[in-house]
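[1] Turn this into a structure:
(chains A and B)
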Amino acid sequence: MTYSSHDIENFALLLPLTQNARRVAQQFANEQPTPEKAEQVRLNTLAVWVVNDYLQMMNIPTDLSAGDSWNPHVRLCADVADLEVSGAGRLECRPLKKGQRSCYIPPEVWEERIGYMVVEIDDSLRSASLLGFVPTAATHELPVSQLQPPEDLIDCLSQLRQSGFGDI
Amino acid sequence: MDRVEEQVQRLVTEACGHPAGSRPRQRNLTRLIRLIANKLWKENTPYYEDALQQTWVYFCQNICEGNTGEAYNPSRGSVLTWLNTYLKRRLQDFYIETKKQQATRFMGRQRQLGRDEDSETADPLDNFPASPDPPPLLEEVRAWAETDQTGELRRTRLQDHPQVTAQILILRRLPPETSWKALAAELGVPASTLSSFYQRQCLPCLRKFGESEGYIE
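    All right, here's what the predicted structure looks like:
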């Protein structure tokens, strides 16, 4: 099923990016050797952070520091934005800049993921919108029109956590 | 009652009709956040987003049951009024905290000036040496991969393509990294095979390296 850009705007869940989120994202970015890599890490960190905030609000337990995105060596060597959802598995939180119509999904995150949440980061870095979710994505470019509403993640997580398959 | 307010009331009733932590509760709370997000009080202060995040947490905790405060009571006003009141109170807290910190800094500066009037440095923080740069991560990982003390990185090979080792891939993917496409052409292996091998067999080596270095954040 595909959705129009109007639908996607209707799905979008606007959330704040706190000072702490921005501080940590900047700190992770400062470790990177090139400006391009620093920008990638900054956006990845913010995307993971805001999805983590959302899941906390929904009372869904996560382990932020268990992911590759929080591991200095792995995030240097791979374009990763994963968030460990307790009892379910790793959710990839892919950042998108405002106005982009498709989201880049790097090949190194095509496997070992329970799903992909696409997050639009505002240019001010002070807010972000959860645009939508897909359970699988083995493609370089994921069109925003193929996203399901963000709350579909809730059903997906609930199934994984009930079945107990998430720990594999 | 306007249309939005009616919609909000309906969703609140719907959300609270299901137990905390249940899927319908979570879905309806999400719909409520979406509906309300653009209608809350806005201002341009450095701590606004912090106050707003606290407000959303408060909303989720107390809209149905009073978990961290008093539960929302519709007879006392709309959900928007309830949330805006909380948000403005948090903003006020941050404002007071910021003023306090500014005052403390100012006092410190005054004391310092009084003590050494001839000194050119007014800010006590200026007297602290700059913190040393963290060890450059890139060089650390490069050295580890090149040395490969245990031989593990050279031994980890792609099946049917023994020329592709974890050592080669990790070194070539250090930023500025060679693209998967270019590596595929160079090594004669499909890009998706390379990236899958990288994810499944090379990244675990990196994780292990990080653990042995005692990186915990």
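
[2] hey, where'd the helices end up in chain B?
    B:3-16, B:23-36, B:48-62, B:79-115, B:137-147, B:152-155, B:166-172, B:180-187, B:191-197, B:203-212 (DSSP state H).

[3] now those as JSON lines including mean neighbour count?
    All C-beta atoms are positioned from the backbone trio N, CA, C, and that covers glycine. Shown next, in JSON lines, are the helices of chain B (neighbours: other Cβ atoms under 10 Å in any protein chain shown):
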{"stretch": "helix B:3-16", "mean neighbour count": "15"}
{"stretch": "helix B:23-36", "mean neighbour count": "20"}
{"stretch": "helix B:48-62", "mean neighbour count": "21"}
{"stretch": "helix B:79-115", "mean neighbour count": "13"}
{"stretch": "helix B:137-147", "mean neighbour count": "16"}
{"stretch": "helix B:152-155", "mean neighbour count": "15"}
{"stretch": "helix B:166-172", "mean neighbour count": "21"}
{"stretch": "helix B:180-187", "mean neighbour count": "15"}
{"stretch": "helix B:191-197", "mean neighbour count": "19"}
{"stretch": "helix B:203-212", "mean neighbour count": "17"}
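
[4] Need these in JSON lines (columns: distance to A:R90 and mean pLDDT).
    Below are the helices of chain B laid out as JSON lines (distance: least, Cβ to Cβ, whole Å; pLDDT from 0 to 100):
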{"stretch": "helix B:3-16", "distance to A:R90": "28", "mean pLDDT": "94"}
{"stretch": "helix B:23-36", "distance to A:R90": "20", "mean pLDDT": "96"}
{"stretch": "helix B:48-62", "distance to A:R90": "24", "mean pLDDT": "98"}
{"stretch": "helix B:79-115", "distance to A:R90": "33", "mean pLDDT": "91"}
{"stretch": "helix B:137-147", "distance to A:R90": "22", "mean pLDDT": "96"}
{"stretch": "helix B:152-155", "distance to A:R90": "24", "mean pLDDT": "97"}
{"stretch": "helix B:166-172", "distance to A:R90": "21", "mean pLDDT": "97"}
{"stretch": "helix B:180-187", "distance to A:R90": "21", "mean pLDDT": "96"}
{"stretch": "helix B:191-197", "distance to A:R90": "16", "mean pLDDT": "96"}
{"stretch": "helix B:203-212", "distance to A:R90": "12", "mean pLDDT": "91"}
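
[5] Can you say which of the ones you listed is nearest to A:S65?
    Closest approach to A:S65 among the helices of chain B (Cβ to Cβ): helix B:203-212, 11.8 Å.

[6] So is stretch A:55-72 next to chain B?
    Yes - if you take Cβ under 8 Å from any Cβ of the partner chain as the test, stretch A:55-72 does meet chain B, through A:56-60, A:65, A:68, A:70-72.

[7] thinking again about what came up before, the helices of chain B: which one's closest to A:P95?
    Nearest of the helices of chain B (Cβ to Cβ): helix B:48-62, 17.0 Å.

[8] before we move on, the earlier item: would you mind checking the residues of stretch A:55-72 next to chain B for buried ones?
    Using 16 or more other Cβ atoms under 10 Å in any protein chain shown as the burial test, the residues of stretch A:55-72 next to chain B include A:56-58, A:60, A:68, A:70-72 as buried.

[9] now, the most widely separated pair of those residues?
    Greatest spatial distance among those (Cβ to Cβ): A:M58 and A:P72, at 28.6 Å.

[10] how about low-confidence regions in chain A?
    Scanning chain A for pLDDT under 70 picks out A:1, A:5-9, A:164-168.

[11] now the strands for it?
    Taking DSSP state E as the test, the strands found in chain A are A:13-16, A:62-63, A:82-85, A:89-97, A:102-104, A:115-121, A:127-134, A:141-143.

[12] Alpha carbons of the third one, in PDB - could you do that?
    Right, strand A:82-85. The C-alpha coordinates for strand A:82-85 follow below in PDB (Å, rounded to 0.1, in the frame of the first residue of the first chain):
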ATOM      1  CA  ASP A  82      19.700   1.100  16.000                       C
ATOM      2  CA  LEU A  83      17.800   1.100  19.200                       C
ATOM      3  CA  GLU A  84      17.500  -2.000  21.300                       C
ATOM      4  CA  VAL A  85      13.800  -2.600  22.300                       C
END
